[in-house]
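[1] quick one: sequence and predicted model below, then my questions.
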Amino acid sequence: MQTLKIVVTGPFSSGKTELIQAISEIDVVSTERKISSESERIKNHTTVAMDFGRITIDDDLILYLFGTPGQKRFNFMWEILSEGMLGFVVMVDSTRPETFREARRILDTFRSYSTVPYIVAANKQDLDDAWSPEDLRIVLRVESGIKVVPCVAHDKESVKQVLLELLYSILELMDQE
């Protein structure tokens, strides 16, 4: 039995918890707490340590999904959660351009922790005002070899596509070694 640790990261309210909840076969272990601040207009809970979910791919492979907190004040958890990861997903809310700079900063931070494969998930592609994955690639300065995948975090099939794209990237790297 092989297990793969995947980290799901991104700015506050980008869809990390929702993505893990949509696909996990177990009840997600979540450390969400109620918030009261300016951010409350967006959502009223935030992850303070991590979210944890699990997916059995087949008899030989299990994915462990670790969602990071999105708020800067909890970023001390990022490096801890990145230990042992074989890949990561950067979630971006495609409808909130004010978060794109933060998404790029998080991407750079996780790349500094490890050289593992990663992809960018362009969340909320079901909404009219969502930026396209191609436009997000440009604004986030994502290299051409990195996948920017359309996503709807509450849709299990969409989440499955995101994780499959990351798994393909991990397998490509393993084949090169």
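    Okay, I see it.

[2] can you give me the helices for this protein?
    16-23, 76-82, 100-113, 133-140, 156-176 (DSSP state H).

[3] buried sites along the fourth one?
    To tie it back to what came earlier, the one meant is helix 133-140. Counting neighbours by 16 or more other C-beta atoms under 10 Å, one finds that the buried residues in helix 133-140 are Pro133, Leu136, Arg137, Leu140. For every residue, glycine as well, the C-beta is placed using N, CA and C.

[4] what sits up against that helix?
    92, 94, 97, 100, 103-104, 107, 120, 122, 125, 131, 142, 144, 148-150 (C-beta atoms under 8 Å, 6 or more residues apart in numbering).

[5] rewinding a little: mean pLDDT lowest where, among the helices of the chain?
    When the helices of the chain are ranked by mean pLDDT, helix 76-82 comes last with a mean of 87.

[6] and the contacts of helix 133-140, which two are furthest apart?
    Farthest-apart pair in the contacts of helix 133-140 is Pro97 and Ser144; separation 21.8 Å (C-beta to C-beta).

[7] pretty sure Ile20 is touching Ile55, no?
    No - the criterion here is C-beta atoms under 8 Å, and Ile20 misses it with Ile55 at 9.5 Å.

[8] quick one: which of the two has more around it?
    For Ile20 versus Ile55, the count of surrounding residues by other C-beta atoms under 10 Å is larger for Ile20: 26 against 19.

[9] what sits against the residue nearest to Glu102 when sequence neighbours are not counted?
    Nearest residue to Glu102, sequence neighbours excluded (C-beta to C-beta, 6 or more residues apart in numbering): Pro11, at 4.3 Å. Going by C-beta under 8 Å, 6+ apart, Pro11 touches Gly70, Met91, Val92, Asp93, Thr99, Glu102, Ala103, Ile106.

[10] redo those residues as a markdown table? Include distance to Val28 and neighbour count.
    Shown next, in a markdown table, are the contacts of Pro11 (distance: C-beta to C-beta, whole Å; neighbours: other C-beta atoms under 10 Å):
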| residue | distance to Val28 | neighbour count |
| --- | --- | --- |
| Gly70 | 16 | 25 |
| Met91 | 15 | 30 |
| Val92 | 21 | 33 |
| Asp93 | 19 | 25 |
| Thr99 | 23 | 21 |
| Glu102 | 23 | 18 |
| Ala103 | 22 | 24 |
| Ile106 | 21 | 24 |
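
[11] what is the most widely separated pair among these?
    Taking C-beta to C-beta, no two of those sit farther apart than Asp93 and Ile106, at 12.5 Å.

[12] who touches both of these two?
    By C-beta under 8 Å, 6+ apart, Asp93 and Ile106 have these common neighbours: Gly10, Pro11.

[13] which one of the contacts of helix 133-140 sits closest to Val7?
    Distance to Val7 across those (C-beta to C-beta) is lowest for Leu107, with 12.0 Å.
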